[in-house]
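*Asks:* build the 3D model from these lines:
(one chain, ligands or ions: 2)
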Amino acid sequence: MPMPSGGEFDLISRYFDRPAPSGMLGVGDDCALLSPAQGCELAVSTDMLIEGRHFFPDIAPRLLGHKTLAVNLSDLAAMGARPLACTLAISLPSINEAWLQAFADGFHALSRESRCPLVGGDTTGGSPGVVLCVTVMGEVRRHQALRRDAARVGDDIWVSGTLGGADIALRLAQGRMPPDPARWQAARTFLELPVPRLKLGRYLAGVAHAAIDISDGLLQDLGHVLDASQCAAEVWLDALPADPVLDGLDESIRLDALLAGGDAYELCFMAHPRRREQIETLGRQLGLAVSRVGTIQRGTGVRVLDADGQALPITHRGFDHFSETA
Ligand code: ADP
Ligand code: MG
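*Replies:* Ligands and ions are numbered 1, 2, ... in the order given. Model (predicted):
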């Protein structure tokens, strides 16, 4: 599909072609060339973002550039992988240079910060809205990747950072909660500038057994680990790291944001109890809260216990991309 106007190559060289690090072949050839370190496996992940479904049409393009890469880097973090490089496929309904510049700035800033150079992609037109597809590649020592199928009975369940902030921001942005400017100011960065937990993930490789990043809600994402690992979990409501943005909200909204709130991009990981001290030290060194929120057990499903040890009736599922529109 030809671009609606302007040259495709022009756009690529202006906005996306950046020098690749030495030892790597970047934009400009038929393929990029990467050299993963010896003894490492290649970790590869792709995510698509579609205008109107995964982001608002009027989102600030710089934030979109950041988020497009951040959600992909979060997958590398959840695998315990170190970023090597990324590719970007982009389809634009029309060419808006100011928009592209800001988008590229946001993308390249995070690409530099996370040492994940953009080494290729595809640029096209003709879609009714903007469509973005990023592939990230990373490396992780053989046998050390944090796989979803590797949680073990008796493991502790941990969550990084805080939960619920992005969910509240999304509710406010979509008008599903009454306007609350102070809360919006406190919550918006969770939604707009998610921080992929790359360092935490890398340090956990070889320390934790399993991990997942919380993109669709704690219960749903934890559920994926339990299904893959064929075990059950008990989660302690009081131990969940509720973000202060949730303070003063109705209990039902709090619960929903904590247990089913998406877009958090924190890591939920499982590790042997003898690793507790090591993990707490790691959290302190990274300046990142790590909370022990439950245990892995025999059986199936998640039980969420309140302060009195009573199981909550769970109706809170995560975000389902096929039954709702974002
Ligand atoms: P091909 O015909 O081999 O698909 P293209 O003409 O699509 O090549 O792209 C030319 C070069 O620019 C390739 O190296 C490709 O990886 C790169 N490229 C195209 N679009 C992007 C983009 N959005 N971001 C980064 N690199 C891109
Ligand atoms: Mg192409």
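
*Asks:* so residue 67 sits in a helix?
*Replies:* Yes. Under DSSP: H, G, I helix; E, B strand; the rest coil, residue 67 falls within a helix.

*Asks:* ok, and the closest non-adjacent residue to it?
*Replies:* residue 194 (6.4 Å; C-beta to C-beta, 6 or more residues apart in numbering). Every residue, glycine included, has its C-beta placed from N, CA and C.

*Asks:* residue 132 too?
*Replies:* residue 49 (4.5 Å).

*Asks:* what comes up buried for the helix or strand the one you found falls within?
*Replies:* Taking DSSP states H and E as the definition, one finds residue 49 inside strand 40-50. Within strand 40-50, the residues that count as buried by 16 or more other C-beta atoms under 10 Å are 40-41, 43, 45, 47, 49-50.

*Asks:* quick one: low-confidence parts of the chain?
*Replies:* Scanning the chain for pLDDT under 70 picks out the ranges 1-6, 315-326.

*Asks:* try it again with 90
*Replies:* Along the chain, segments meeting pLDDT under 90 span 1-11, 22-23, 56, 126, 312-326.

*Asks:* ok, which stretches of it are strands?
*Replies:* 40-50, 82-92, 118-125, 131-141, 156-160, 210-213, 232-236, 267-271, 290-297, 301-305 (DSSP state E).

*Asks:* go through these and name the closest to ligand 1.
*Replies:* strand 118-125 (2.9 Å; C-beta to the nearest ligand atom).

*Asks:* parallel or antiparallel, list what pairs with that closest one.
*Replies:* Under the criterion DSSP bridges, strand 118-125 sits next to strand 82-92 (parallel) in its sheet.

*Asks:* quick check: residues of this structure near ligand 1?
*Replies:* Neighbours of ligand 1 within the chain, by C-beta under 6 Å from any ligand atom: 12, 16, 27-30, 88, 90, 118, 120-123.

*Asks:* let's see the ChimeraX selection covering just the buried ones among these.
*Replies:* Of these, the buried ones can be selected in ChimeraX as follows, counting by 16+ other C-beta under 10 Å:
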select :12,16,27,88,90,118,120,121,123
